[in-house]
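Chemist: Kindly generate the corresponding structure for this input.
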Amino acid sequence: MDSTWYFGPFGDLRPLPVTPEPGISMPLVRTGGVHQGLSGARTVDVTSLKQEFTFDFEAMESLDYQWLEVMHSRITRRRLYLLNPLKPSNRVSYAASSMKSQGATALASKYGFNVGSNWRYSNEYPLYLLGFEGRSAEILPFEADFSQIIFDEGSPFPFLPDETLSFRVLMKASAGTLARFRLDWYDADHEWIQADGSSQFEIDEDWSQWSLSGVIPIEGAAGVTMGVQLDQGDNTVWVAAPQAHEGNSLRLWEPGGGAPEVVIESLDITSPRFPLRDGTLKLLEA
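Modeler: The predicted model follows:
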(Lines give C-alpha, C1' and ligand atoms only; values in the text may rest on other atoms or scores of the structure.)
Protein backbone atom coordinates (compact mmCIF):
# COMPACT_ATOMS: atom_id res chain seq x y z
CA MET A 1 0.00 0.00 0.00
CA ASP A 2 1.19 3.55 -0.77
CA SER A 3 2.06 5.28 2.52
CA THR A 4 2.39 8.74 0.96
CA TRP A 5 0.36 11.66 2.31
CA TYR A 6 -0.58 14.10 -0.48
CA PHE A 7 -1.35 17.73 0.36
CA GLY A 8 -2.22 20.86 -1.60
CA PRO A 9 -4.89 22.46 -3.79
CA PHE A 10 -6.96 20.75 -6.49
CA GLY A 11 -4.80 19.74 -9.42
CA ASP A 12 -1.52 20.24 -7.50
CA LEU A 13 -1.45 17.71 -4.69
CA ARG A 14 2.15 16.96 -3.69
CA PRO A 15 3.72 14.39 -1.36
CA LEU A 16 4.42 15.60 2.14
CA PRO A 17 8.12 15.19 3.02
CA VAL A 18 8.56 11.72 4.49
CA THR A 19 12.35 11.29 4.78
CA PRO A 20 12.67 10.35 7.54
CA GLU A 21 9.02 9.40 7.98
CA PRO A 22 7.16 11.91 10.19
CA GLY A 23 5.28 11.21 13.34
CA ILE A 24 1.54 11.74 12.83
CA SER A 25 -1.26 12.61 15.26
CA MET A 26 -4.82 12.61 13.86
CA PRO A 27 -7.63 12.92 16.45
CA LEU A 28 -11.25 12.85 15.31
CA VAL A 29 -12.89 15.78 17.12
CA ARG A 30 -16.61 15.68 17.90
CA THR A 31 -18.43 19.02 17.98
CA GLY A 32 -21.39 19.28 20.35
CA GLY A 33 -21.95 19.32 24.09
CA VAL A 34 -22.52 17.24 27.21
CA HIS A 35 -25.77 18.03 29.05
CA GLN A 36 -26.79 16.94 32.53
CA GLY A 37 -30.39 16.86 33.71
CA LEU A 38 -31.75 17.43 37.22
CA SER A 39 -31.63 13.69 37.79
CA GLY A 40 -27.93 13.64 36.97
CA ALA A 41 -28.50 11.78 33.71
CA ARG A 42 -26.20 12.86 30.93
CA THR A 43 -26.73 13.18 27.20
CA VAL A 44 -24.16 13.95 24.51
CA ASP A 45 -25.02 15.96 21.39
CA VAL A 46 -22.73 15.44 18.40
CA THR A 47 -23.29 18.01 15.67
CA SER A 48 -20.27 17.18 13.51
CA LEU A 49 -17.05 15.18 13.27
CA LYS A 50 -13.87 16.96 12.18
CA GLN A 51 -10.36 15.62 11.82
CA GLU A 52 -7.13 17.24 12.98
CA PHE A 53 -3.66 16.27 11.75
CA THR A 54 -0.26 17.02 13.25
CA PHE A 55 2.89 16.06 11.30
CA ASP A 56 6.34 16.15 12.89
CA PHE A 57 9.13 16.42 10.34
CA GLU A 58 12.85 15.96 10.74
CA ALA A 59 15.66 17.10 8.45
CA MET A 60 13.49 18.67 5.78
CA GLU A 61 15.40 20.00 2.80
CA SER A 62 14.78 23.48 1.45
CA LEU A 63 12.40 22.57 -1.40
CA ASP A 64 10.17 20.51 0.93
CA TYR A 65 9.95 23.38 3.40
CA GLN A 66 9.31 25.99 0.72
CA TRP A 67 6.23 24.09 -0.49
CA LEU A 68 4.74 24.18 3.03
CA GLU A 69 5.76 27.81 3.53
CA VAL A 70 4.04 28.89 0.30
CA MET A 71 0.71 27.49 1.53
CA HIS A 72 1.10 28.62 5.14
CA SER A 73 1.90 32.19 4.09
CA ARG A 74 -1.15 32.20 1.76
CA ILE A 75 0.89 32.82 -1.38
CA THR A 76 -1.21 29.93 -2.66
CA ARG A 77 -4.72 30.97 -1.64
CA ARG A 78 -6.72 28.09 -3.06
CA ARG A 79 -8.55 25.54 -0.94
CA LEU A 80 -6.27 22.79 0.42
CA TYR A 81 -6.85 19.04 0.64
CA LEU A 82 -5.16 16.04 2.21
CA LEU A 83 -5.15 12.48 0.85
CA ASN A 84 -4.89 10.16 3.86
CA PRO A 85 -3.11 6.84 3.12
CA LEU A 86 -4.35 5.43 6.44
CA LYS A 87 -7.90 5.72 5.11
CA PRO A 88 -7.59 4.61 1.48
CA SER A 89 -11.04 3.09 1.01
CA ASN A 90 -13.39 6.07 1.19
CA ARG A 91 -12.93 9.65 -0.02
CA VAL A 92 -16.51 10.81 0.53
CA SER A 93 -16.97 12.83 3.72
CA TYR A 94 -17.74 11.44 7.16
CA ALA A 95 -21.16 13.08 6.94
CA ALA A 96 -21.99 11.44 3.61
CA SER A 97 -20.74 7.99 4.61
CA SER A 98 -22.85 8.13 7.79
CA MET A 99 -25.90 9.25 5.76
CA LYS A 100 -26.29 12.75 7.19
CA SER A 101 -28.23 15.27 5.12
CA GLN A 102 -26.55 18.45 3.90
CA GLY A 103 -29.80 20.21 4.74
CA ALA A 104 -31.33 23.39 3.37
CA THR A 105 -31.20 25.80 6.34
CA ALA A 106 -28.74 28.42 7.50
CA LEU A 107 -27.09 25.70 9.60
CA ALA A 108 -26.66 23.37 6.63
CA SER A 109 -23.37 21.56 6.16
CA LYS A 110 -21.51 21.54 2.86
CA TYR A 111 -21.05 17.79 3.38
CA GLY A 112 -23.58 14.98 3.50
CA PHE A 113 -26.20 14.15 0.87
CA ASN A 114 -28.97 15.91 -1.02
CA VAL A 115 -32.07 14.24 -2.47
CA GLY A 116 -34.10 15.71 -5.32
CA SER A 117 -37.49 14.61 -3.93
CA ASN A 118 -39.18 13.73 -0.63
CA TRP A 119 -37.21 11.45 1.68
CA ARG A 120 -36.72 10.58 5.34
CA TYR A 121 -34.19 8.85 7.55
CA SER A 122 -34.71 5.12 8.03
CA ASN A 123 -33.36 2.37 10.28
CA GLU A 124 -33.47 -0.02 7.32
CA TYR A 125 -29.83 -0.99 6.96
CA PRO A 126 -27.79 -3.86 5.47
CA LEU A 127 -26.40 -5.07 8.80
CA TYR A 128 -25.60 -8.48 7.36
CA LEU A 129 -23.51 -6.91 4.56
CA LEU A 130 -21.54 -4.38 6.60
CA GLY A 131 -21.44 -5.98 10.05
CA PHE A 132 -22.58 -2.94 12.05
CA GLU A 133 -25.68 -0.80 12.53
CA GLY A 134 -26.36 2.45 10.70
CA ARG A 135 -29.11 4.30 8.88
CA SER A 136 -30.22 4.90 5.34
CA ALA A 137 -32.04 7.53 3.34
CA GLU A 138 -35.54 6.37 2.37
CA ILE A 139 -36.44 8.06 -0.92
CA LEU A 140 -40.22 8.18 -1.27
CA PRO A 141 -42.21 7.82 -4.52
CA PHE A 142 -42.10 10.92 -6.71
CA GLU A 143 -43.96 12.27 -9.76
CA ALA A 144 -41.05 13.83 -11.69
CA ASP A 145 -39.25 12.06 -14.52
CA PHE A 146 -36.40 11.21 -12.17
CA SER A 147 -34.93 11.91 -8.75
CA GLN A 148 -31.37 11.63 -7.50
CA ILE A 149 -29.25 11.46 -4.39
CA ILE A 150 -25.90 13.28 -4.57
CA PHE A 151 -23.20 12.86 -1.93
CA ASP A 152 -21.28 16.01 -0.89
CA GLU A 153 -23.00 17.96 -3.65
CA GLY A 154 -20.86 20.94 -4.67
CA SER A 155 -17.93 19.75 -2.52
CA PRO A 156 -15.98 17.29 -4.68
CA PHE A 157 -13.08 15.21 -3.44
CA PRO A 158 -9.68 15.40 -5.23
CA PHE A 159 -7.69 12.76 -7.04
CA LEU A 160 -4.19 12.49 -8.50
CA PRO A 161 -3.63 12.91 -12.27
CA ASP A 162 -2.88 9.24 -12.95
CA GLU A 163 -5.56 7.71 -10.74
CA THR A 164 -8.58 5.67 -11.74
CA LEU A 165 -11.58 5.65 -9.42
CA SER A 166 -14.17 3.21 -8.11
CA PHE A 167 -17.57 3.93 -6.56
CA ARG A 168 -20.09 1.87 -4.61
CA VAL A 169 -23.41 2.32 -2.81
CA LEU A 170 -25.84 -0.10 -1.13
CA MET A 171 -29.50 0.06 -2.15
CA LYS A 172 -32.80 -1.77 -2.13
CA ALA A 173 -36.30 -0.89 -3.39
CA SER A 174 -39.90 -1.77 -2.60
CA ALA A 175 -40.13 -3.12 -6.18
CA GLY A 176 -37.86 -3.22 -9.23
CA THR A 177 -36.50 0.27 -9.89
CA LEU A 178 -34.14 1.46 -12.63
CA ALA A 179 -31.15 3.54 -11.56
CA ARG A 180 -27.73 4.69 -12.72
CA PHE A 181 -24.64 6.24 -11.16
CA ARG A 182 -24.09 9.96 -11.63
CA LEU A 183 -20.58 11.50 -11.48
CA ASP A 184 -20.12 15.29 -11.42
CA TRP A 185 -16.67 16.47 -12.51
CA TYR A 186 -15.01 19.72 -11.33
CA ASP A 187 -11.87 21.53 -12.48
CA ALA A 188 -8.96 22.82 -10.38
CA ASP A 189 -10.94 25.99 -9.57
CA HIS A 190 -13.89 23.96 -8.26
CA GLU A 191 -15.94 24.91 -11.29
CA TRP A 192 -18.42 22.26 -12.47
CA ILE A 193 -17.49 20.78 -15.86
CA GLN A 194 -20.08 18.11 -16.65
CA ALA A 195 -22.01 15.12 -15.33
CA ASP A 196 -21.58 11.56 -16.56
CA GLY A 197 -23.91 8.61 -16.04
CA SER A 198 -23.39 4.87 -15.95
CA SER A 199 -25.47 2.23 -17.67
CA GLN A 200 -28.84 1.50 -16.09
CA PHE A 201 -29.24 -1.23 -13.50
CA GLU A 202 -32.30 -2.49 -11.62
CA ILE A 203 -32.59 -2.29 -7.85
CA ASP A 204 -34.69 -5.09 -6.33
CA GLU A 205 -36.18 -5.83 -2.89
CA ASP A 206 -32.96 -7.12 -1.31
CA TRP A 207 -30.01 -5.03 -0.19
CA SER A 208 -27.31 -5.19 -2.87
CA GLN A 209 -23.99 -3.51 -3.50
CA TRP A 210 -23.91 -1.53 -6.74
CA SER A 211 -20.57 -0.41 -8.08
CA LEU A 212 -18.83 1.47 -10.86
CA SER A 213 -15.15 0.50 -11.09
CA GLY A 214 -12.08 1.62 -13.01
CA VAL A 215 -13.43 5.06 -13.96
CA ILE A 216 -10.91 7.25 -15.80
CA PRO A 217 -11.45 10.94 -14.93
CA ILE A 218 -12.36 13.20 -17.82
CA GLU A 219 -9.79 15.60 -19.24
CA GLY A 220 -9.41 18.77 -17.19
CA ALA A 221 -11.04 17.35 -14.06
CA ALA A 222 -9.42 17.57 -10.62
CA GLY A 223 -12.36 16.59 -8.39
CA VAL A 224 -15.59 14.61 -8.48
CA THR A 225 -18.77 13.84 -6.55
CA MET A 226 -20.81 10.65 -6.79
CA GLY A 227 -24.55 10.07 -6.76
CA VAL A 228 -27.36 7.86 -8.00
CA GLN A 229 -30.19 8.84 -10.34
CA LEU A 230 -33.51 7.00 -10.00
CA ASP A 231 -35.45 6.73 -13.25
CA GLN A 232 -38.74 5.40 -11.85
CA GLY A 233 -40.82 7.22 -9.27
CA ASP A 234 -43.44 4.66 -8.27
CA ASN A 235 -41.36 2.84 -5.65
CA THR A 236 -39.56 3.55 -2.40
CA VAL A 237 -35.76 3.23 -2.48
CA TRP A 238 -33.34 2.92 0.45
CA VAL A 239 -29.73 4.11 0.03
CA ALA A 240 -26.79 3.57 2.41
CA ALA A 241 -23.00 3.34 2.77
CA PRO A 242 -21.59 5.35 -0.17
CA GLN A 243 -17.94 4.74 -1.00
CA ALA A 244 -15.36 6.17 -3.42
CA HIS A 245 -11.65 5.47 -3.71
CA GLU A 246 -8.70 5.12 -6.06
CA GLY A 247 -8.20 1.91 -8.02
CA ASN A 248 -9.79 -0.53 -10.44
CA SER A 249 -11.22 -2.94 -7.86
CA LEU A 250 -13.46 -2.40 -4.85
CA ARG A 251 -12.12 -2.38 -1.31
CA LEU A 252 -13.78 -3.15 2.00
CA TRP A 253 -16.04 -0.31 3.14
CA GLU A 254 -14.84 2.08 5.80
CA PRO A 255 -16.17 5.42 7.11
CA GLY A 256 -15.39 8.40 4.89
CA GLY A 257 -12.89 11.16 5.46
CA GLY A 258 -10.04 9.95 3.26
CA ALA A 259 -9.69 13.25 1.37
CA PRO A 260 -10.73 16.14 3.64
CA GLU A 261 -10.49 19.82 2.86
CA VAL A 262 -8.10 21.31 5.44
CA VAL A 263 -6.67 24.61 6.64
CA ILE A 264 -3.22 25.21 8.13
CA GLU A 265 -3.40 26.16 11.80
CA SER A 266 0.36 26.38 12.37
CA LEU A 267 3.77 25.61 10.90
CA ASP A 268 6.53 25.64 13.54
CA ILE A 269 10.09 25.32 12.28
CA THR A 270 13.54 24.93 13.85
CA SER A 271 16.90 24.40 12.16
CA PRO A 272 19.05 21.87 14.03
CA ARG A 273 21.73 21.90 11.33
CA PHE A 274 22.12 24.20 8.34
CA PRO A 275 20.39 24.03 5.89
CA LEU A 276 17.98 21.37 7.21
CA ARG A 277 14.79 22.07 9.11
CA ASP A 278 12.73 20.25 11.70
CA GLY A 279 9.12 21.24 12.05
CA THR A 280 5.53 20.60 13.05
CA LEU A 281 2.61 21.16 10.68
CA LYS A 282 -0.91 21.23 12.12
CA LEU A 283 -3.92 20.92 9.81
CA LEU A 284 -7.60 21.28 10.71
CA GLU A 285 -10.44 19.91 8.62
CA ALA A 286 -12.31 22.85 7.13
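Chemist: Where is the longest strand in the protein?
Modeler: strand 42-60 (DSSP state E).
Chemist: For the stretch 51-200 of the chain, which residues score under the pLDDT cut-off?
Modeler: Low-confidence segments of the stretch 51-200 of the chain, defined by pLDDT under 70: 104-107.
Chemist: Three-state assignment for the closest residue to Glu58 other than its chain neighbours, please.
Modeler: Nearest residue to Glu58 in three dimensions, chain neighbours excluded: Asp278, at 5.2 Å (Cβ to Cβ, 6 or more residues apart in numbering). (Each C-beta comes from the backbone N, C-alpha and C, glycine too.) Secondary structure for Asp278, judged by DSSP: H, G, I helix; E, B strand; the rest coil, is strand.
Chemist: can you give me the strands for the stretch 151-286 of the chain?
Modeler: 157-158, 165-173, 177-186, 192-197, 201-203, 208-215, 223-230, 237-246, 261-273, 276-285 (DSSP state E, counting those that start in this stretch).
Chemist: which stretch among those strands comes nearest Val46?
Modeler: strand 276-285 (15.0 Å; Cβ to Cβ).
Chemist: chain center to the closest one, what's the gap?
Modeler: Offset of strand 276-285 from its chain centre (Cα atoms, centre = their mean, to the nearest Å): 23 Å.
Chemist: Quickly run through the sheet partners of it, with directions.
Modeler: strand 42-60 (antiparallel), strand 261-273 (antiparallel) (DSSP bridges).
Chemist: got a list of contacts for it?
Modeler: Residues from elsewhere that reach strand 276-285 (Cβ atoms under 8 Å, 6 or more residues apart in numbering): 7, 16, 50-62, 65, 68, 80, 82, 260-272.
Chemist: Name the residues of it that are buried.
Modeler: For strand 276-285, the neighbour count (16 or more other Cβ atoms under 10 Å) marks 276-277, 279-283, 285 as buried.
Chemist: Let me have those residues in JSON lines, extended by distance to Trp185.
Modeler: Output for the buried residues of strand 276-285, formatted as JSON lines (distance: Cβ to Cβ, whole Å):
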{"residue": "Leu276", "distance to Trp185": "41"}
{"residue": "Arg277", "distance to Trp185": "38"}
{"residue": "Gly279", "distance to Trp185": "36"}
{"residue": "Thr280", "distance to Trp185": "36"}
{"residue": "Leu281", "distance to Trp185": "30"}
{"residue": "Lys282", "distance to Trp185": "32"}
{"residue": "Leu283", "distance to Trp185": "26"}
{"residue": "Glu285", "distance to Trp185": "23"}
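Chemist: Report the contact partners of the residue nearest to Thr54 when sequence neighbours are not counted.
Modeler: Leaving aside its sequence neighbours, Thr54 sits nearest to Ser25 (Cβ to Cβ, 6+ apart; 4.1 Å). When contacts are counted by Cβ under 8 Å, 6+ apart, Ser25 touches 52-54.
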